[in-house]
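Asks: requesting a structural model of the entry that follows:
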Amino acid sequence: MLPITWWCGIIVCSSLRIHLTDTAKLIPNMGYYIEMKEMECVGNPSYFADLYCKITPPKNRTMEASVKIMQPLSAFSGVLRVSIPNAKKVITQIFDITFDVCKVLRERKRKILIDLLVNTLEKNSNAKTWRCPFPKGKYESRNISVTDLPPMLTESEFYVNLDFFIPKVAIAMNVTLHGHLYEVAKERHRRKKYL
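Replies: Numbers count the residues shown, from 1 in each chain. Okay, here's the model as predicted:
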């Protein structure tokens with residue numbers, strides 16, 4: 001009798017763990033959304049051509065981007081900076097992360113923001129796999145949306161500056177983004193108040 005009880009317990013616990021894991025994945029998606037206001041991309045023509053990035057209306061919650069890599073890139077680094085204004089509109093930098101793009105793609109142990117960036121771009125890209133060296137060719141990402149946000153954030157305007165560079169050689173690309181992070185519960189409360 002005891003072995004049957006154990007098997008039932010194992011099956012129930014395994015099933016429960018799967019459902020809890022799935023639910024935990026949904027929590028950040030339900031908590032926040034991002035509305036983008038401005039986006040600009042500038043590339044060094046020796047490395048990138050036909051650089052294009054755009055926020056897609058009507059809700060401004062997704063974006064699309066494409067670039068043509070002009071020569072294979074084997075040593076490639078990036079700097080991600082995130083800033084927010086305080087109550088007096090003074091911009092405060094809250095993240096400043098420098099990373100080796102090739103190392104980030106090889107390893108799965110990444111900082112949360114870098115992991116979010118890589119997963120978001122990979123998910124909607126025409127490239128089957130992202131790895132170094134990056135061969136010449138055209139890369140596109142469509143319907144890029146930021147959804148897997150950590151649950152400890154607060155509503156705020158934000159500025160993102162992402163620089164890619166070839167170490168000790170040249171700046172390769174700069175992407176800037178200005179947007180607003182909204183908390184779903186607060187937004188629903190505001191709508192109820194005014195409707």
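Asks: three-state assignment of residue 182?
Replies: strand (DSSP: H, G, I helix; E, B strand; the rest coil).
Asks: what residues are bridge-paired with it?
Replies: residue 33 (DSSP bridges).
Asks: where does this protein have its least confident helix or strand?
Replies: Sorted by mean pLDDT, DSSP states H and E, the helices and strands of the chain end with helix 2-31, the least confident at a mean of 40.
Asks: and residue 75, which of the three is it?
Replies: Remark: residue 75 carries the secondary structure label coil [criterion: three-state DSSP].
Asks: what separation do you get for it and residue 34?
Replies: Shown here: residue 75 relative to residue 34, a distance of 31 Å by Cβ to Cβ, to the nearest Å. Using the backbone N, CA and C atoms, a C-beta is placed for each residue, glycine as well.
Asks: likewise residue 64?
Replies: To residue 34, residue 64 is 15 Å away according to Cβ to Cβ.
Asks: looking at the two, which is more packed in?
Replies: residue 34 (18 against 15; other Cβ atoms under 10 Å).
Asks: surely the more buried one and residue 183 touch.
Replies: No. The pair residue 34 and residue 183 does not pass the contact test of Cβ atoms under 8 Å, sitting 11.2 Å apart.
Asks: please verify my assumption that residue 86 contacts residue 92.
Replies: Yes. Contact criterion Cβ under 8 Å: residue 86 and residue 92 qualify, at 5.7 Å.
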